[in-house]
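**Q** Model the following, please.
(one chain, ligands or ions: 2)
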Amino acid sequence: MKIIGPFKQIVTLANLPLRGKLSDHQLEIIENGGVLLNEEKIEKVGFFQDLKNDFPNAKIEFVEGEQIALPAFTDSHTHICFGGNRANDFAMRNGGKTYLEIAESGGGIWSSVQHTRIATEEELLKTTLDRINFLISLGITTIEIKSGYGLDVENELKMLRVIKKARTFTKATLVPTCLAAHLKPRDFEGSSTEYLQFIVDEILPQVKEKNLANRVDIFIEKSAFLPDESKAFLLKAKNMGFEITVHADQFTSGSSRVAVEVGAKSADHLEATIDEDILFLAKSNTVATALPGASLGLGEKFTPARKILDAGGILAIASDWNPGSAPMGNLINQASILATFEKLSTAEVLAGITFRSAYALNLEDRGTLEKGKKADFVTFKTDNFQNVLYHQGSLKAESIYINGEKYTV
Ligand code: NIG
Ligand code: FE
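**A** Numbers count the residues shown, from 1 in each chain. Ligands and ions are numbered 1, 2, ... in the order given. Now for the predicted structure:
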């Protein structure tokens with residue numbers, strides 16, 4: 001057993017509801033706290049002095065100066081395995097072209113597909129690991145990563161193999177998702193419905209057999225896949241045993257309904273969700289994931305996070321880090337800005353990047369600091385946890401613990 005502390009404050013995020021609004025008064029804040037570890041799990045969180053008295057044989061790992069501790073963060077939506085760069089798209093958007101216009105003229109997702117297809121597994125592995133390490137440095141120890149820049153059998157499997165291989169080089173938990181249904185590739189001869197059937201027949205069986213992912217995603221949008229064909233596809237994927245997540249309502253509404261109807265674990269984006277659909281989503285068990293990095297990257301409005309929480313929904317916040325719509329990758333900065341625009345409490349933001357986003361990945365063993373949970377936590381050199389969001393991402397994490405061990409990237 002080991003005690004880590006003393007911390008000026010430990011914000012446990014324990015005993016909070018999975019859904020709906022939260023006020024900061026509901027937060028459990030332990031002053032002068034310590035974390036007692038039993039190997040990779042938390043045994044107890046309490047006053048440092050009490051832990052020392054009650055567990056005299058435990059080893060003590062002192063922390064330097066004044067620090068606060070929070071559960072480590074979960075980024076439940078990223079596309080960080082990709083080749084190339086889309087700085088030119090960014091400049092074109094700022095020059096007045098829309099995301100969809102750029103996509104139609106051969107930029108956008110298709111340009112990342114071409115760069116990812118020519119990249120070797122070694123090259124992709126290196127850049128993906130660099131991005132993983134950046135996320136860990138922010139205090140994120142659980143990271144979802146999508147394929148979706150391969151869009152044929154060979155390259156979708158290549159991306160998923162790279163994500164699997166990355167696991168052997170990091171202690172962060174990586175959760176792979178197959179996003180072969182990101183877009184119908186330009187070199188596929190057939191309709192979008194036929195491409196979706198091709199994924200079901202040719203890609204998903206191999207993903208399953210090679211144990212490369214157990215989640216399937218789709219981009220439902222006028223420029224990608226339409227609601228009816230998407231629903232049929234998702235039901236087939238579900239039948240094959242995959243968990244479902246959806247890129248929904250990014251530019252036009254209608255697809256968060258599909259996500260709820262097929263029992264998706266999460267519906268992500270939702271910038272264009274209409275009020276009626278917010279209520280429908282908020283009553284379901286589908287997590288509503290806001291992606292403020294995409295709003296910032298595209299200059300679009302934010303996901304209606306306030307309305308989702310007020311309606312009782314499960315709100316997660318993720319970075320969507322990708323080369324096109326969300327090139328920043330700093331979830332803390334983005335979540336803090338979302339809070340300012342959507343009027344979210346600190347508790348709602350912290351819940352959205354910890355136990356609520358972990359729930360979106362079916363990982364209920366983390367995201368709070370309490371007995372039995374995975375000992376992943378992050379510390380900041382400050383005397384008040386409010387400073388983390390107040391500094392909008394510029395207060396850097398001091399230490400990151402994974403399975404109770406201090407982790408250096
Ligand atoms: O979540 N909207 C679709 N997919 C990604 C963007 C991918 C890209 O632009 O490369 C998103 O925003
Ligand atoms: Fe995305």
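
**Q** Please make it C-alpha for all contacts and neighbour counts, starting now.
**A** Fine.

**Q** Quick one: residues contacting the residue in the stretch 101-250 of the chain that ligand 1 sits nearest to.
**A** Residue of the stretch 101-250 of the chain nearest ligand 1, by C-alpha to the nearest ligand atom: Ile109 (4.3 Å). Residues near Ile109 by C-alpha atoms under 8 Å, 6 or more residues apart in numbering: 103, 149, 183, 324.

**Q** What sits closest to the third one if chain neighbours are left out?
**A** Read it as Leu183. The shortest distance from Leu183 to any non-neighbouring residue, by C-alpha to C-alpha, 6 or more residues apart in numbering, is to Ala224 (5.1 Å).

**Q** Show the contacting residues for the one you found.
**A** Ala224 neighbours (C-alpha under 8 Å, 6+ apart): 182-184.

**Q** Report pLDDT for the residue of the stretch 101-250 of the chain closest to ligand 1.
**A** At Ile109, the model reports a pLDDT of 96.

**Q** and it, that's in a helix?
**A** Yes: counting by DSSP: H, G, I helix; E, B strand; the rest coil, Ile109 falls inside a helix.

**Q** residues near the residue in the stretch 251-400 of the chain positioned nearest to ligand 1, how many?
**A** Residue nearest to ligand 1 within the stretch 251-400 of the chain: Gly324 (3.6 Å; C-alpha to the nearest ligand atom). Gly324 has 24 neighbours, counted by other C-alpha atoms under 10 Å.

**Q** Same check on Thr289?
**A** With other C-alpha under 10 Å as criterion, Thr289 counts 31.

**Q** what's across from it in the sheet?
**A** Asp268, Ala316 (DSSP bridges).

**Q** what sits against it?
**A** 266-270, 315-318, 357.

**Q** Which two among these are spaced furthest apart?
**A** Farthest pair in the contacts of Thr289 (C-alpha to C-alpha) is Leu270 and Ser357. Separation: 15.5 Å.

**Q** one step back: most neighbours, which of the contacts of Ile109?
**A** Once you tally neighbours by other C-alpha under 10 Å, Tyr149 ends up highest among these, having 28 neighbours.

**Q** Go through the contacts of Ala224 and name the one nearest Leu70.
**A** His182 (34.3 Å).

**Q** Torsion angles phi and psi at Val287?
**A** phi -70, psi 130 (degrees, to the nearest 10).

**Q** Check the one 4 residues further on too.
**A** For Leu291, the backbone dihedrals are phi -130, psi 70 (criterion: degrees, to the nearest 10).

**Q** Am I right that the residue of the stretch 251-400 of the chain closest to ligand 1 is in contact with Asp89?
**A** Yes: in terms of C-alpha atoms under 8 Å, Gly324 counts as a neighbour of Asp89; the distance is 7.1 Å.

**Q** how close does the residue positioned nearest the centre of the chain get to Ile140?
**A** Nearest to the mean C-alpha position of the chain, counting by C-alpha atoms, centre = their mean, stands Ser76 at 1.9 Å. For Ser76, the distance to Ile140 equals 10 Å [C-alpha to C-alpha, to the nearest Å].

**Q** Likewise for Ile163?
**A** 17 Å.

**Q** Is the worst-scoring helix or strand of the chain on mean pLDDT in proximity to ligand 1?
**A** Within the chain, judged by mean pLDDT, DSSP states H and E, the helix or strand with the poorest mean is helix 99-104; its value is a mean of 88. No: figure legend: helix 99-104 not in contact with ligand 1 (C-alpha under 6 Å from any ligand atom); closest approach 8.0 Å.

**Q** could you say what helices and strands that helix packs with?
**A** helix 87-94, helix 108-118 (3 or more C-alpha pairs under 8 Å, 6 or more residues apart in numbering; DSSP states H and E).

**Q** What residues of it count as buried?
**A** Buried residues in helix 99-104, counted by 16 or more other C-alpha atoms under 10 Å: 99, 102.

**Q** these two touch, right, Asp310 and Ser23?
**A** No: applying C-alpha under 8 Å, one finds Asp310 not in contact with Ser23, separated by 11.7 Å.

**Q** near ligand 1, which residues of the stretch 51-200 of the chain?
**A** Near ligand 1, when you scan the stretch 51-200 of the chain using C-alpha under 6 Å from any ligand atom, you find 108-109.

**Q** what ranges do the strands span in the stretch 51-200 of the chain?
**A** 59-62, 68-71, 73-75, 140-146, 173-181 (DSSP state E, counting those that start in this stretch).

**Q** Dump these into a markdown table; add distance to Leu212 as well.
**A** Converted to a markdown table, the strands of the stretch 51-200 of the chain look like this (distance: least, C-alpha to C-alpha, whole Å):
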| stretch | distance to Leu212 |
| --- | --- |
| strand 59-62 | 38 |
| strand 68-71 | 28 |
| strand 73-75 | 19 |
| strand 140-146 | 11 |
| strand 173-181 | 7 |
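
**Q** for those, which one sits closest to Thr303?
**A** strand 73-75 (16.5 Å).

**Q** in its sheet, what does that closest one sit against?
**A** Applying DSSP bridges, one finds strand 73-75 paired with strand 140-146 (parallel).

**Q** avg pLDDT for the partner strand?
**A** On average, strand 140-146 scores 99.

**Q** again with stretch 113-130
**A** Rounded mean pLDDT across stretch 113-130 is 98.

**Q** I'd assumed Ser336 was in a strand, is it?
**A** No: Ser336 is assigned helix when assessed by three-state DSSP, not a strand.

**Q** hmm, back to that, can you tell me which of the strands of the stretch 51-200 of the chain is most buried?
**A** strand 73-75 (a mean of 31; mean count of other C-alpha atoms under 10 Å).
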